[in-house]
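In: Show me the folded form of this:
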Amino acid sequence: MTVFRDRIAISKPFVFCACLLPLACLLRDVLQGTLGPDPVAQLEHRSGDWALRLLLATLAITPLRYLCGWNKLVRYRRMLGLFAFFYATCHLTIYLVIDLGGFWSQLLGDIVKRPYITVGFIAWLSLIPLALTSTQAMMRRLGRNWQRLHRLVYAIALLACLHFLWLVKADHREPAVYLGVFVLLMLARLMRRRRIPARTPPSAPAQKLT
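Out: Modelled structure (predicted):
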């Protein structure tokens with residue numbers, strides 16, 4: 001068990017670097033000018049894509065734990081969730097600073113007029129308390145309320161999928177794939193809940209998630 005724990009600890013820097021790789025590729029393309037005829041749209045699209053991918057990867061950890069027995073995957077969940085917030089913040093920053101040119105007052109009008117911006121902005125705002133309470137100290141301080149708060153991630157993921165789906169005007173195949181993955185992850189959770197007995201026998205030891 002100690003050896004396995006050490007492997008998880010050793011692998012974390014590699015996972016961290018892997019999560020930074022999309023940003024490095026994006027910066028490389030900016031410097032080389034290879035973002036195509038609409039570089040701002042590419043910046044927004046790619047940063048938003050990785051925010052959604054990492055968010056869904058975070059949600060996939062629990063089903064994988066119970067379906068495949070990969071219990072130690074939970075030790076990567078915080079990192080993946082924080083990187084999802086990081087790329088979502090990059091996505092919003094690119095929209096505010098580059099697309100809107102710093103005219104932040106226009107954001108309020110877009111939030112009201114454009115539903116895809118409305119749900120996207122709500123999703124980003126909802127990620128803030130999750131990121132701020134992701135530490136072990138906050139988990140201990142909030143107790144059971146921590147789990148209640150972090151269940152917001154399901155609604156956030158749905159809003160993020162809708163943001164992408166409503167943003168696209170022509171080819172909806174890519175956002176439909178993300179939405180389909182989200183639905184499958186939610187179905188996997190519902191199926192597992194139905195299989196769990198209503199009450200755990202007193203002799204059964206409690207499982208630690210972290």
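In: In the lowest-mean-pLDDT helix or strand in the chain, which residues are buried?
Out: The helix or strand of the chain with the poorest confidence is helix 105-113; it has a mean of 81 (mean pLDDT, DSSP states H and E). Buried residues in helix 105-113, counted by 16 or more other C-beta atoms under 10 Å: Asp110. Bear in mind the C-beta positions are built from the backbone N, C-alpha and C, glycine included.
In: same for that helix, what does it pack against?
Out: helix 115-132 (3 or more C-beta pairs under 8 Å, 6 or more residues apart in numbering; DSSP states H and E).
In: Spit out the contact partners of the residue nearest to the spatial centre of the chain.
Out: Nearest residue to the geometric centre of the chain (C-alpha atoms, centre = their mean): Leu55, 1.8 Å. By C-beta atoms under 8 Å, 6 or more residues apart in numbering, the residues touching Leu55 are 81, 84, 88, 153, 156-157, 160.
In: same question, Arg192
Out: 63, 66 are the contacts of Arg192 under C-beta under 8 Å, 6+ apart.
In: ok, now how distant is it from Thr62?
Out: 8 Å (C-beta to C-beta, to the nearest Å).
In: Quick one: the helices in this protein, in order.
Out: 2-32, 39-68, 74-93, 105-113, 115-132, 136-142, 144-150, 152-167, 173-195 (DSSP state H).
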